[in-house]
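K.L.:
Quick one: sequence plus predicted model below, questions after.
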Amino acid sequence: MARVLTNNTGLRAVVETSLGVPPTSDWFAVEFDSIGAYGATITTVVRRPIGQDRGRQKGAVVDLESTVEYETDLTIDAFIRFAEGFMFAEYTNVEFNLRSGVLPPPAVATTDDFTIDSVSALLAGKAQFNATGGTTILFAKGYTNAANNGLHLLNVDMAATDTTAQVATTLVAETPPTNATLEICGIRAADDFVLVIDGGLVTGTLASAADVDFTTIGLTLGQECCLGSPLTATGAATNVPSISGVDQAIYFRLTAITATLLTFNKVVIAEAGVVITAGTSPGSEVVDFMFGRFARNVPVTNNTDDDRYLERTYQFEAVYPDLGGVSTDEYEYAIGNFVNEYVFNIPLAEKATLGVNFIGTNSDDITGSRKTGPSVAPAALRKTAFGTGSNILSISTDVVSAVSDVCFKSLTLSILNNVSPEKCLGTLGATFVNAGLFEANLEGQMLFTNKSIVNAIKNNTTVTFQSILRNGDGAICIDMPELTLGGGGREYPVDQSVLINITGESFTSNTFGYDIGFSHFAAVPGIIDS
């Protein structure tokens, strides 16, 4: 008798070329801790005629619902694989990933060249090379030879249609593993940046004297940026600014961009316990300015200001080992899947997890015939978990005046697209899938440290929220520019602190034009390895 062990099953996915149509390449493996639902749920209706037989008669299949739902540890790969799908928007700087799709990754052709796809005019304009400063930084991960991994400075300016990225470091020629990555992660400048931060560590400016034109390198309002980069595999910081005589990496959110000046807020110091006052820097230092891809929800109607609306669908493959007999695998394909919900769970003293729910159009019959592509899907590369004690750099809100007064005991962030299947007579399953209203909601528990928390709820005060998570694989910044809080019920546990339960509902920011934004960094300083 065939028997399928849960621990032996596998899950793979791919971005469809059109609704229900998969490509024959670019599949990738999906890690999961549990699967709540997969594939078709069939509804049948029996006949119940009135008569002396007193029995039911065979009915008919009347409906089919197709879903994919799973939970996994929150990792960089688990997050970014479906980020565009759940935001219904294309990444800014999507071209920063220099891989040739998913397969193959850029090979090291010579001791100073990566082989890449043909450079687009857009990428060529963003990548910079300046012999005295203002040079683009590449970050490689997953290569067999250690010399090929880490940070690499461009050594030759990229031109449109170039198929190599020449770097200043010494490489080792190799064909890398299929899950290796190469991407742009920032820009390095010497004796150029002037940083000013107000004494309250709230707002500031970053000026470029000559080397860097901030309007050409791919920055977007609301995007998170960082000064400083990792020096070693363990994440020790290097090329960080000196602020009032103290070397510290900082994060900040962009509020205005001109050619020579960035204005920012939501300042976060990378290492806790360091007191930094207003000052300027670096003056005579080499500083790495780190940034990457940025995703946020955008209007459906494309316009000259924001043309990144994207309806992306996914196809999944479930592998059932031995279902067709010993050593005979069988496969089930869930097709036409839209991302319906992302749920970030951040409990106390645990791993952060991610729950994902997809709504699809249909599911194929289980078959012994495998589609082309999934068999060579690369495994996840950036799969280090985020510990909720060691890997959360910042959770902040302006509900109370000081970040140090905010203590979350638990937090859940839910992003919902309100996807629903559209059905037609004569079709089993959905013919179309409707995307509904975009919603981002918070639910959490905080220490009752300040009456401002309750006042903000009662007065329907507009507040903000941000969290930065980092580990050995990079960082994710979650930013909700404007939201209101609800709830406010208190708990009074014996021998403990008073707790307050809150909810939060985002709305579209008049300043930034979105409800929630996600900044992804390929490399950041001061990484704490899990």
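P.N.:
Here it is on my side, so go on.

K.L.:
And stretch 368-388, end to end?
P.N.:
Terminal residues of stretch 368-388 are spaced 42 Å apart (C-alpha to C-alpha, to the nearest Å).

K.L.:
By neighbour count, which bits of that stretch are buried? Give me those.
P.N.:
Residues of stretch 368-388 classed as buried under the neighbour-count rule (16 or more other C-beta atoms under 10 Å) are 371, 373-374, 377-378, 380-388. Where C-beta positions appear, they are placed from N, C-alpha and C, glycine not excepted.

K.L.:
what do you get for stretch 449-461?
P.N.:
Along stretch 449-461, the positions that meet the burial threshold by neighbour count (16+ other C-beta under 10 Å) are 449, 450, 452, 453, 454, 456, 457.

K.L.:
Return the subset of these lying in helices.
P.N.:
In helices, judged by DSSP state H, the following of the buried residues of stretch 449-461 are found: 452, 453, 454, 456, 457.

K.L.:
For those residues, could you give me a markdown table that also reports pLDDT and distance to residue 18?
P.N.:
Compiled in a markdown table, those are given as follows (pLDDT from 0 to 100; distance: C-beta to C-beta, whole Å):
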| residue | pLDDT | distance to residue 18 |
| --- | --- | --- |
| 452 | 85 | 51 |
| 453 | 85 | 48 |
| 454 | 88 | 51 |
| 456 | 90 | 46 |
| 457 | 91 | 46 |
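
K.L.:
Can you tell me which of these is closest to residue 127?
P.N.:
Minimum separation from residue 127 among these (C-beta to C-beta) is found for residue 456, which lies at 43.8 Å.

K.L.:
in this structure, which residue is closest to the centre?
P.N.:
residue 80 (3.8 Å; C-alpha atoms, centre = their mean).

K.L.:
which ones are touching that one?
P.N.:
Residue 80 makes contact with 293, 520, according to C-beta atoms under 8 Å, 6 or more residues apart in numbering.

K.L.:
Please report the distance of it from residue 290.
P.N.:
Here residue 80 is placed at a distance of 16 Å from residue 290 (C-beta to C-beta, to the nearest Å).

K.L.:
Over to residue 193?
P.N.:
12 Å.

K.L.:
Just give the nearest non-adjacent residue to residue 499, would you?
P.N.:
For residue 499, the nearest residue in space outside its immediate sequence neighbours is residue 491; the separation is 4.3 Å by C-beta to C-beta, 6 or more residues apart in numbering.

K.L.:
any idea how far residue 490 lies from residue 498?
P.N.:
Residue 490 sits 6 Å away from residue 498, taking C-beta to C-beta as the criterion.

K.L.:
tell me which of the ones in helices among the buried residues of stretch 449-461 is nearest to residue 66?
P.N.:
Relative to residue 66, the closest of these is residue 457; by C-beta to C-beta it sits at 39.7 Å.

K.L.:
surely the closest one meets residue 486?
P.N.:
Yes. Between residue 457 and residue 486 there is a contact under C-beta atoms under 8 Å: 6.2 Å.

K.L.:
list the residues that contact both of these two?
P.N.:
Common contacts of residue 457 and residue 486 (C-beta under 8 Å, 6+ apart): residue 502.

K.L.:
Distance to residue 211, secondary structure and pLDDT added to the buried residues of stretch 368-388, as a markdown table?
P.N.:
What follows is the buried residues of stretch 368-388, written out as a markdown table (distance: C-beta to C-beta, whole Å; DSSP: H, G, I helix; E, B strand; the rest coil; pLDDT from 0 to 100):
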| residue | distance to residue 211 | secondary structure | pLDDT |
| --- | --- | --- | --- |
| 371 | 49 | coil | 97 |
| 373 | 44 | coil | 94 |
| 374 | 46 | helix | 96 |
| 377 | 42 | coil | 94 |
| 378 | 37 | coil | 92 |
| 380 | 37 | coil | 93 |
| 381 | 32 | coil | 93 |
| 382 | 31 | coil | 93 |
| 383 | 36 | coil | 93 |
| 384 | 34 | coil | 93 |
| 385 | 38 | coil | 94 |
| 386 | 35 | coil | 94 |
| 387 | 38 | strand | 92 |
| 388 | 39 | coil | 90 |
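
K.L.:
surely residue 112 meets residue 167?
P.N.:
Yes. Proximity of residue 112 to residue 167 meets the contact threshold set by C-beta under 8 Å, at 5.8 Å.

K.L.:
Pull up the overlap in contacts between these two.
P.N.:
Going by C-beta under 8 Å, 6+ apart, residues that sit against residue 112 and also against residue 167 are residue 155.

K.L.:
Give me the more crowded residue out of the two.
P.N.:
In this comparison of residue 112 against residue 167, neighbours counted by other C-beta atoms under 10 Å, the higher total goes to residue 167 at 24 against 17.

K.L.:
The nearest residue to that one once chain neighbours are set aside sits in which helix or strand?
P.N.:
In space, and not counting its chain neighbours, residue 167 is closest to residue 152: 3.9 Å by C-beta to C-beta, 6+ apart. With elements delineated by DSSP states H and E, residue 152 resides in strand 150-153, which encompasses its position.

K.L.:
And that strand, how far out from the chain middle?
P.N.:
Put simply, strand 150-153 sits 22 Å off its chain's centre (C-alpha atoms, centre = their mean, to the nearest Å).

K.L.:
what's the following helix or strand after that strand?
P.N.:
Past strand 150-153, further along toward the C-terminus, the next helix or strand under DSSP H and E is strand 164-166.

K.L.:
What are the contacting residues of that following strand?
P.N.:
Residues outside strand 164-166 that contact it (C-beta under 8 Å, 6+ apart): 98, 106, 109, 112-116, 138, 154-156, 158, 182.

K.L.:
Can you list the strands that it pairs with?
P.N.:
In its sheet, strand 164-166 lies beside strand 113-115 (antiparallel), with partners assigned from DSSP bridges.

K.L.:
so what does the helix or strand just after the strand it pairs with touch, helix or strand wise?
P.N.:
Towards the C-terminus, the helix or strand next in line after strand 113-115, according to DSSP H and E, is helix 121-126. With contacts defined as 3 or more C-beta pairs under 8 Å, 6 or more residues apart in numbering; DSSP states H and E, helix 121-126 has no helix or strand neighbours.

K.L.:
Poorly predicted segments of the protein, please.
P.N.:
Per-residue confidence for the chain (pLDDT under 70) gives these ranges: 1, 100-103, 199-201, 232-236, 242-247, 271-285, 302-306, 399-405, 526-530.

K.L.:
tell me the domain boundaries of this structure?
P.N.:
What the record gives for the chain is the domain set 6-45+57-84+310-521, 94-188, 191-286, from automatic domain parsing.

K.L.:
Quick one: closest of the ones you listed to residue 301.
P.N.:
The closest approach between residue 301 and any of the domains of the chain, judged by C-beta to C-beta, belongs to domain 6-45+57-84+310-521 at 12.4 Å.

K.L.:
Am I right that residue 43 is in contact with residue 64?
P.N.:
Yes. Assessed by C-beta under 8 Å, residue 43 is found in contact with residue 64 at 7.3 Å.
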